[in-house]
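Participant: sequence? don't have it. structure:
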Ligand code: ADP
């Protein structure tokens, strides 16, 4: 299955241009869409899911045109939205059964089997009689994935799934996503770099509605080899250093500023060369550093 996003633009009624000429081609496997808040990720996810109209361009899933064939799209789509509302007073089994019915699984035996299988797969079977209001953030997200898997979707969209999860819950959720398999398209939208570095074999970085970089994380990072340097500067010097060097990222460390710099040679005396990470690629891209001839 192939997902083709071609020259898609979207401007909201308040004149915010949320997507600007976005073109992406995705095959089976996990694709990470990484970008800061407000980049346009949810807009793109909702548009792919057929929940929102695009102004121009086209999106096709296999031979389904998303704008024209919403009914066909729904049959192949599993969607976990950013805000996944759960009825707090209903238990997991009841809601799952309801959602499966809505998704067209009308045979009750088939529905029971599917419910058991998907709630087990997401490690929720033992909590099936618990009210959803008592679920932790991680359990809610796992329930969200379980419902997104109803009907054997070919395209699964998960929008910011790990925001608000603690490290253990995030890890468990990562394992679950990676187990979904290679035979479907999974788009994971996130502002968390580790989500992409842990899971995705392809990624795009999006900012201000534009795709800034697309590729395989490992290859892109390898291309940055020998170009990332780190060292400490004083807070006073930091401003000048920022003007004179391509500062990828900075953080306070023992009263000084620890910076990572993109450069071919030692940028400042005493700086050490370090292995590049996907985070460097991400910050260099969203801080608009000059990556062009480097990767
Ligand atoms: P992300 O998911 O990357 O945080 P969004 O797609 O939610 O980004 O938002 C992209 C931009 O569009 C932001 O500037 C946001 O404020 C704006 N936006 C999102 N939804 C709407 C809407 N329904 N109406 C108007 N502006 C919106």
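Facilitator: Now that the structure is in, tell me what you want to look at. Everything numeric here is computed off the predicted structure, so don't read it as measured data.
Participant: list the buried ones in the least confident helix or strand in the chain by mean pLDDT?
Facilitator: Here the helix or strand of the chain ranked lowest by mean pLDDT, DSSP states H and E is helix 167-179, holding a mean of 86. Neighbour-count burial for helix 167-179 flags 169, 170, 172, 173, 174, 176, 177 (criterion: 16 or more other CB atoms under 10 Å). C-beta: built from backbone N, CA, C; applies to glycine.
Participant: same check on stretch 25-38?
Facilitator: 26, 28, 30, 31, 32, 33, 34, 35.
Participant: could I get the full set of strands for the stretch 101-250 of the chain?
Facilitator: Ranges of strands in the stretch 101-250 of the chain, per DSSP state E, counting those that start in this stretch, are 155-159, 185-190, 202-207, 210-215, 228-233, 246-253.
Participant: low-scoring stretches of the protein, by residue?
Facilitator: Within the chain, the stretches with pLDDT under 70 are 181, 292-295.
Participant: 80 instead, please
Facilitator: For the chain, residues meeting the criterion pLDDT under 80 lie at 83-85, 164, 181-182, 291-295.
Participant: what does it have sitting close to the ligand?
Facilitator: Residues of the chain lying close to the ligand by CB under 6 Å from any ligand atom are 12, 14, 16, 18, 35, 37, 38, 39, 40, 41, 42, 43.
Participant: please tell me how far the residue nearest to the spatial centre of the chain sits from residue 251.
Facilitator: Note on the chain: the residue nearest the mean C-alpha position is residue 189, at 2.0 Å, using CA atoms, centre = their mean. Applying CB to CB, to the nearest Å, the value for residue 189 to residue 251 is 25 Å.
Participant: check residue 135 too.
Facilitator: 34 Å.
Participant: so between the two, which is more surrounded?
Facilitator: residue 135 (18 against 8; other CB atoms under 10 Å).
Participant: can you pull the contacts of the more buried one?
Facilitator: Counting by CB atoms under 8 Å, 6 or more residues apart in numbering, residue 135 makes contact with 86, 92, 127, 143.
Participant: same question for residue 248.
Facilitator: 228, 259, 260, 261, 262, 280, 283, 284, 287, 289.
Participant: what does residue 32 give?
Facilitator: Here residue 32 is in contact with 188, 190, 195, 196, 199, 200, 202, 203, 204, 217 (CB under 8 Å, 6+ apart).
Participant: the same query, at a cut-off of 6 Å, please.
Facilitator: Applying CB atoms under 6 Å, 6 or more residues apart in numbering, we find residue 32 in contact with 188, 196, 200, 203.
Participant: about what we covered before: buried among the residues of the chain next to the ligand? Need that as a selection in PyMOL.
Facilitator: A single PyMOL command is used to select the members of the residues of the chain next to the ligand judged buried by 16+ other CB under 10 Å:
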select buried, resi 18+35+39+40+41+42+43
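Participant: show me the residues of the chain next to the ligand that map onto strands.
Facilitator: residue 18 (DSSP state E).
Participant: pick the one among the residues of the chain next to the ligand closest to residue 114.
Facilitator: residue 42 (28.3 Å; CB to CB).
Participant: nearest to residue 22 among the contacts of residue 32?
Facilitator: Nearest member of the contacts of residue 32 to residue 22, counting by CB to CB, is residue 203, at 14.4 Å.
Participant: biggest separation within the residues of the chain next to the ligand, which pair?
Facilitator: Farthest pair in the residues of the chain next to the ligand, by CB to CB: 14 and 35, 19.8 Å.
Participant: contacting residues for the residue nearest to the centre of the chain?
Facilitator: Contacts of residue 189 (CB under 6 Å, 6+ apart): 33, 41, 45, 159, 160.
Participant: rerun that using 10 Å as the cut-off
Facilitator: Counting by CB atoms under 10 Å, 6 or more residues apart in numbering, residue 189 makes contact with 31-35, 39-42, 44-45, 48, 80, 82, 157-161, 195-196, 206.
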